[in-house]
Structure formats: C-alpha cells, structure tokens
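S.K.: Need the 3D shape of this:
(one chain, ligands or ions: 1)
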Amino acid sequence: MKYSALKGIQDILPPDIYIWQKVESTALEIFRKYGFQEIRIPIIESTDIFIRSIGETTDIVEKEMYTFPDKAGRSITMRPEGTAPAVRCYVEHHLYNLSSPQKFFYSGPMFRYERPQKGRFRQFYQIGVEAFGVSQPSMDAEIIAMLRNLLEGIGLKEVNFELNSIGCDKCRPDYRNALLDFFRSRLSDLCPDCQRRYELNPLRILDCKVERCIELRQGAPVVTDHLCSECREHFDELTSRLQSLNVRYTLNPNLVRGLDYYTRTAFEVTSEHLGAQKAVAAGGRYDKLVEEFGGPQMPAIGFALGMERIVTLLKENWTEEHPAPKVFIATMGREAEIEGFKIAEDIRTAGFWVEPNYGGASLKSQLRKADRIGAEFVFIIGENELKSGKIQWKNLKKSEQGEIEIKNILAILTDNIQFSNP
Ligand code: HAM
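M.R.: Reported below is the predicted structural model:
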C-alpha cells in the first residue's frame, strides 16, 4: 500500500523550511515593533461564522469550504481564512473592553477546496494581522507600510501594491444600481452563478473566475466613481499618508476582493513572477464585522500573506546558506563513542549543533558523512585520544587539521581561536 498526501496538500521539508522560518522570524520581529501581539485561533470553527462574514455568494462559501458534521451533528468548517475566527475571538473575549487599538497577528494553515494549480493549494499557510479600534486612515497606512517593511525585510522587492476603496453601506446601493444597469443586457451570457449573484450581490460578478464573465465585465462601472464623500476623504487621506511613508502603490479600481466583509480600503500585493495566482498578500478594512458578530461598533483592518507564494518567490534568488552542524564527532570503539556523546552534550550546551557517531560505522564512512551533512569541524576520538586526553580535529571548510586537548574544545568553538597546523 502506498500513501501520498491529498491533492493540493503538500509537505514542507528541509531545506525549504529554512526559508519559511526566515519569513516567520522576520514577521515576528516586525510585528513586535508595531505592537502586534500573537493570538492562536482554532483551525475548526462553527460553519456559521464563515457564511456570515465571508458571504453566502462568495466562491469560498459556495464552493470551497471543508465543511462536515461533527459527531453531535453540528456543522463544522476548517477555516478558509483567519479574519472571521479572529473577530469571533475578539468579541468572545470582550477584547473591545481593552484600550484601543488592539493589534493581533496569527499564522497557520487555511483550507479551501479550490482546483489546485501553481501557487494554489487546498491547504495553504497564512500569516495574518488584524487591528481593531481605529477608523482613521492612519491605521490603514500603518499596516500597509508594515507589510511593505516585512516584504522588504525578507528580500522581496519586486512587488506591486494595488489599492482601492470599495465604499461603505452608504455608497454601496448607488454602486449596486450602476452594476445592475450595466449587467442587465448581459445577464443571459453570464455563468449560472453570476446570474444568481446578479440578484443577490452583483458586486460578486466582478470577482468571478469564469473566462466569459471576465470578458463581459469589461467596461463595468468602477466603485471609486460612486464613493460617498466620507469614503472619498478616507481614501484620499490614505493615499497621501502612503506617499508620506514612501509606500509605492498603484490604484486598481477593479480590485473588489473575494470576501464580502470589506468596507472602504482594499489592497493586494502582487508579483509578476508567479503566473496566474499572483497575489502574495491581501487585506482591507472591515468596519462592520465586529458588530455583526455581536460586539460593539468597532472599526478594523487587516491583511494576510500567502506563505507558499512568498516562499516560491524567495526560492528563486535564495543565496543564504542553510544551517549545518558545527561539529561532527567521529569515534572509534565503544569507550570513545561514550566520551564523544559526553563531549557532544557539552558543545550543545554551549549553543552549537553537534552530530555524534551513533555507533558501528568505520572512520572513513564517518568522515564521508561529516562532509555530506556539511559539518564545519570533525573531532576524531579513538583509543589513543582517550589515553592522551587530546583529540584530532579537522576544519572541513578550511582544510585545516590538528590536535587539541579535550578540555579546550569549547574555548576553541566559542572564542573562535584560529587553529594552526602542528
Ligand atoms: P485572501 O485574499 O483570501 O484574504 O487571502 C490572502 C492571501 O492568502 C492571498 O493573497 C494568497 O497569497 C493566499 N492564498 C489564498 N488562497 C490561497 C490558496 N488556495 N493557495 C495558496 N495561497 C492562497 C484573506 O484570507 C483575508 N482573511 C485577509 C485579511 C485579513 N483581510 C483582512 N484581514
């Protein structure tokens, strides 16, 4: 019997994992400077919270959720994204009672039953941030600048920040009517989903992935022509703030996002090096969601980045060396092997990666192994070394070798004393 991972779901292994860890540690460092604290939210939630927030007519809710009944018959969904769980958590724990703003980040796997293709998976990882409590565009500008700094910090420079405002409850009805007028004559040519969306939520037609619908929406009215004065002001202030922070962006009036909860600011970061799935990060404002989840009126904004797509881009030009053992301890005989294990523990306590000989192998094959795993030093311990209290060492990177007293090993590694050949 041969098993393999499910379609669209992948294992992440060394050496790629080092790129993942680099992104994660850089994110952690940057988030700390902006005051974003970590929350760990569950992978499964009650299905309602996603339907209610992401929207019944979205692709995610209509087609892509991993939903199943639990043993008590409750409908459970494996999270397709992190914003809805974060808002549920914020409201459930009354975090709105703490001083505003409250800024959080989370990371982990998300699940969408999409057709797998390059850069599109059924299980994929996001790092997301959500900031609650500030309605002013200063917060929008701050998190977009933070995202810029994060992407630059991990070495991703050739990305494009696309920006739009999708209005609010006040300006939506006007825009909705403009869309209805535009699509009325095209209705019978739209896909069955969009024909339904026409009635329920015409904005969603702008996000349909069917080729024919993409053609038919050419020339559709753009939301920015229908913004109310408050949304227009918010958007203008945001763009001027971004300019003052030197964040380069392009305006994309067709950017509507695939989730219903957004209000006003919407943005996506795209790369031309990724093919069709070119968004590496995306987000926006969702000023109504906390209230819809039973909390007070509370503005909020966030984004999430797609780890797989970011790692794919970073891999193209990755030059950093992957971690390798500092020392391999080659031993001959049982006594030496036991001593080697003791020395290995001491070196590890001092903070280095050590690989010992687990027994059996000839010296030749141990040396080959040390080379293969990329160890910097090999220490060789045999019967003679045990008697003399000295070991043989080799620096595989510099092709140097010599002899050193066992008690000095640590000093050599920590002080980085230069060896000289005897
Ligand atoms: P989203 O645009 O659905 O937004 O996803 C954010 C990012 O996750 C995308 O830009 C992409 O990089 C990655 N992503 C999405 N689907 C897949 C997939 N099937 N395979 C690989 N990567 C994928 C959200 O999820 C919102 N919750 C973001 C947000 C946070 N808005 C406000 N706060």
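S.K.: Tell me if I am right that G340 is in a strand.
M.R.: No: under DSSP: H, G, I helix; E, B strand; the rest coil, G340 sits outside any strand and is assigned helix.
S.K.: Next up, the contacts around it.
M.R.: Residues in contact with G340 (C-beta atoms under 8 Å, 6 or more residues apart in numbering) are 329-331, 356-357, 379, 381. C-beta here means a position set from N, CA and C on the backbone, and glycine is covered the same way.
S.K.: how about the closest residue to the ligand within the stretch 301-422 of the chain, phi and psi?
M.R.: Nearest residue of the stretch 301-422 of the chain to the ligand: G306, at 2.1 Å (C-beta to the nearest ligand atom). Backbone dihedrals for G306, given as degrees, to the nearest 10, come out at phi -90, psi 110.
S.K.: That one: neighbour count?
M.R.: Applying other C-beta atoms under 10 Å, we find 23 other residues in the vicinity of G306.
S.K.: Quick check: it touching A281?
M.R.: Yes: with contact defined as C-beta atoms under 8 Å, G306 reaches A281; the gap is 6.8 Å.
S.K.: quick one: secondary structure of the closest residue to L251 other than its chain neighbours?
M.R.: Nearest residue to L251, sequence neighbours excluded (C-beta to C-beta, 6 or more residues apart in numbering): L163, at 5.7 Å. Put simply, L163 is strand when judged by three-state DSSP.
S.K.: L163 contacts T250, correct?
M.R.: Yes: in this structure, L163 is within contact of T250 by C-beta under 8 Å, at 7.1 Å.
S.K.: returning to that earlier point: could you dump the contacts of G340 to CSV with neighbour count?
M.R.: Listed next are the contacts of G340 as CSV, based on neighbours: other C-beta atoms under 10 Å:
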residue, neighbour count
I329, 28
A330, 28
T331, 28
P356, 22
N357, 23
F379, 25
I381, 24
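S.K.: Format these as CSV; extra columns: pLDDT and distance to the ligand.
M.R.: What follows is the contacts of G340, written out as CSV (pLDDT from 0 to 100; distance: C-beta to the nearest ligand atom, whole Å):
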residue, pLDDT, distance to the ligand
I329, 97, 42
A330, 97, 44
T331, 97, 46
P356, 96, 40
N357, 95, 42
F379, 96, 45
I381, 96, 49
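S.K.: got the residues of the chain near the ligand?
M.R.: Within the chain, the residues that sit near the ligand (C-beta under 6 Å from any ligand atom) are 81-83, 112, 114, 120-121, 124, 126, 128, 130, 258, 279-284, 302-304, 306, 308-309.
S.K.: go again using 5 Å as the cut-off
M.R.: On the criterion C-beta under 5 Å from any ligand atom, the ligand has as its neighbours in the chain the residues 81, 83, 112, 114, 120-121, 124, 128, 279, 282-283, 302, 304, 306, 309.
S.K.: just the helices in the stretch 251-400 of the chain please.
M.R.: Applying DSSP state H, counting those that start in this stretch to the stretch 251-400 of the chain gives helices spanning 289-292, 307-316, 334-349, 363-372, 383-388.
S.K.: how close does R122 get to T349?
M.R.: The gap separating R122 from T349 is 43 Å, by C-beta to C-beta, to the nearest Å.
S.K.: Among these two, which residue is more densely surrounded?
M.R.: Neighbour count, other C-beta under 10 Å: between R122 and T349, R122 has more, with 19 against 9.
S.K.: and for stretch 143-153, what are the contacting residues?
M.R.: Stretch 143-153 is contacted by residues 26-27, 29-31, 34, 36, 129, 131, 157, 159, 161, 163, 242, 245, 247, 249, 267, 269, 280-281, 283, 301-303, 305, 310 when judged by C-beta under 8 Å, 6+ apart.
S.K.: Apologies, that question was intended for stretch 102-112.
M.R.: 24, 27, 31, 34-41, 43, 60, 64-66, 78-82, 86, 90, 95-96, 122-133, 307.
S.K.: Filter the residues you listed down to just the ones in strands.
M.R.: If you go by DSSP state E, the contacts of stretch 102-112 have 37-38, 66, 78, 123-132 in strands.
S.K.: Out of the residues you listed, the closest to the ligand would be?
M.R.: The ligand lies nearest to F124 out of the ones in strands among the contacts of stretch 102-112, by C-beta to the nearest ligand atom, at 3.4 Å.
S.K.: Just give the nearest non-adjacent residue to the closest one, would you?
M.R.: E308 (5.4 Å).
S.K.: In this structure that neighbour contacts Q126, no?
M.R.: No: shown here, E308 and Q126 do not form a contact pair, counting by C-beta under 8 Å, at 9.7 Å.
S.K.: Show me what the host helix or strand of T239 is packed up against.
M.R.: Secondary structure from DSSP states H and E places T239 in helix 229-244. Where contact means 3 or more C-beta pairs under 8 Å, 6 or more residues apart in numbering; DSSP states H and E, helix 229-244 is packed against helix 137-153, strand 160-165, strand 265-270.
S.K.: So, low pLDDT: which residues of the stretch 1-150 of the chain?
M.R.: Applying pLDDT under 70 to the stretch 1-150 of the chain picks out no residues at all.
S.K.: the helices in the stretch 1-150 of the chain, which residues?
M.R.: With DSSP H, counting those that start in this stretch as the criterion, the stretch 1-150 of the chain has helices spanning 16-34, 47-54, 59, 83-92, 137-153.
S.K.: what about G351, neighbour count?
M.R.: Going by other C-beta under 10 Å, the residues that sit close to G351 add up to 9.
S.K.: Over to it: give its phi and psi.
M.R.: The phi/psi pair for G351 (degrees, to the nearest 10) reads phi 110, psi 10.
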